[in-house]
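Novice: Sequence first, predicted model second:
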Amino acid sequence: MKLFVIGGAGYIGSHVVKDLLKAGHHVTVFDNLSSGLRENLFPESQFVHGDILQYPALLKTMQAGFDAVFHFAAFKAAGESMLAPEKYSVNNITGTLNILNAMCETNMKMIIFSSSAATYGSPIYLPLDEEHPTNPDNYYGFTKLEIERFFGWYERLRGIKFAALRYFNAAGYDVEGIVTGLEQNPANLVPVIMEVACGVREKLIIFGNDYHTKDGTCIRDYIHVNDLSVGHLQALDYIAKTGKSLIVNLATGIGHSVLDVYHKAKEITGIDIPMQIGPPRPGDPAALYAVSTRAKELLGFVPQYSDLDTVISSTWKVYQHKFNIR
């Protein structure tokens, strides 16, 4: 298929592009490089430097004709979204509406969307499944949920089929060692720990240690980026074969606390990583982890690389190489 990957130079997008090319698809990457990297681009794919907020340029590029869109161009820091909702409104919501409207103008009928399990909000029960009520605790999760609702209306009114893939903390790096571009200004736990281990940051700040969890720190579901990539390709195949939309979790069903991740990182890196407890962040639920039973049934999705050892070790290998650490 001929595929349009928005945000394909970014962390998750570049791993998906790698797998799409490997599967024999023709890929065009559309990215403004605000967080994506040129080193994440593949010579086998085409690249267009553009922004989803610039509608004429977006539409012009999409007029080349594509079978499906992959959308990775959302801002994703939950804490920041509570401080800068305007930024998230414009990029996440307006940007996605631009994509959908351009799809309508160019008669494109399939979109794979990087959604979030943050759409659920504070859990009524754990692990989360797709039947859990959606009531986001932070503005980031709200934007993702609203986008899913827009998809539902555009399916109803314009026949666009969609896959909304809900997951939490994408982590790890390409186990084949091909994608190695580091995230710029990362906000997620694992790369932040790596930056401290490499001396880029002075210390790790853990936001709160008095949550009602086993060690007082937040518990999250960490899923390896290679597993996520496979799930995105499976979702494309599902829509193409069935003509049906879907909303599914991509998850492990296992929660790890911040301190679990921190201690595993110290063990694997062999570095005594400086750490300090800070105040909790607004909009941070104590525990969030999910199951992907529906994705397994519909897509055949089964995580292969999402154990904590592989998540941390695959990340550390990239940081070791980048910072020349032995």
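Specialist: Nice, I can see it.
Novice: How about residues contacting stretch 229-239?
Specialist: 1, 3, 12, 15-16, 18-20, 23, 68, 70, 110, 112, 114, 161-163, 165, 244-246, 248, 250, 295, 298-301, 304 (Cβ atoms under 8 Å, 6 or more residues apart in numbering). All C-beta atoms are positioned from the backbone trio N, CA, C, and that covers glycine.
Novice: And it, what's buried?
Specialist: For stretch 229-239, a neighbour-count test (16 or more other Cβ atoms under 10 Å) marks 229, 230, 231, 232, 233, 234, 235, 236, 238, 239 as buried.
Novice: Tell me the one of the residues you listed nearest residue 148?
Specialist: residue 235 (13.7 Å; Cβ to Cβ).
Novice: And the closest one, how far from residue 262?
Specialist: Between residue 235 and residue 262 the distance is 32 Å, computed by Cβ to Cβ, to the nearest Å.
Novice: just to revisit the earlier point, quick one: buried ones out of the contacts of stretch 229-239?
Specialist: Neighbour counting with 16+ other Cβ under 10 Å marks 3, 12, 15-16, 18-20, 68, 70, 110, 112, 114, 161-163, 165, 245-246, 248, 250, 295, 298-299, 301 as buried within these.
Novice: number of nearby residues for the spatially closest residue to residue 195 that is not a sequence neighbour?
Specialist: Closest residue in space to residue 195, ignoring its immediate chain neighbours: residue 201 at 4.6 Å, by Cβ to Cβ, 6 or more residues apart in numbering. Using other Cβ atoms under 10 Å, residue 201 is surrounded by 16 other residues.
Novice: pLDDT wise, what is residue 201 at?
Specialist: Note on residue 201: pLDDT of 95.
Novice: ok, now residue 324?
Specialist: 89.
Novice: before we move on, what about residue 283?
Specialist: pLDDT, residue 283: 69.
Novice: tell me which residues of the host helix or strand of residue 153 are tucked away?
Specialist: Assigned by DSSP states H and E, residue 153 belongs to helix 139-158. Buried residues in helix 139-158, counted by 16+ other Cβ under 10 Å: 139-148, 150-151, 154-155.
Novice: How about stretch 275-288?
Specialist: 275, 280, 283, 284, 285, 286, 287, 288.
Novice: From residue 126, how far off is the closest residue to residue 258 other than its chain neighbours?
Specialist: Nearest residue to residue 258 in three dimensions, chain neighbours excluded: residue 217, at 3.8 Å (Cβ to Cβ, 6+ apart). Relative to residue 126, residue 217 is positioned 16 Å away (Cβ to Cβ).
Novice: Please identify which of these two sits among more neighbours.
Specialist: Remark: of residue 217 and residue 126, residue 217 carries more neighbours, 25 against 16, as counted by other Cβ under 10 Å.
Novice: And the pLDDT for that one?
Specialist: Checking the pLDDT column for residue 217, the value is 98.
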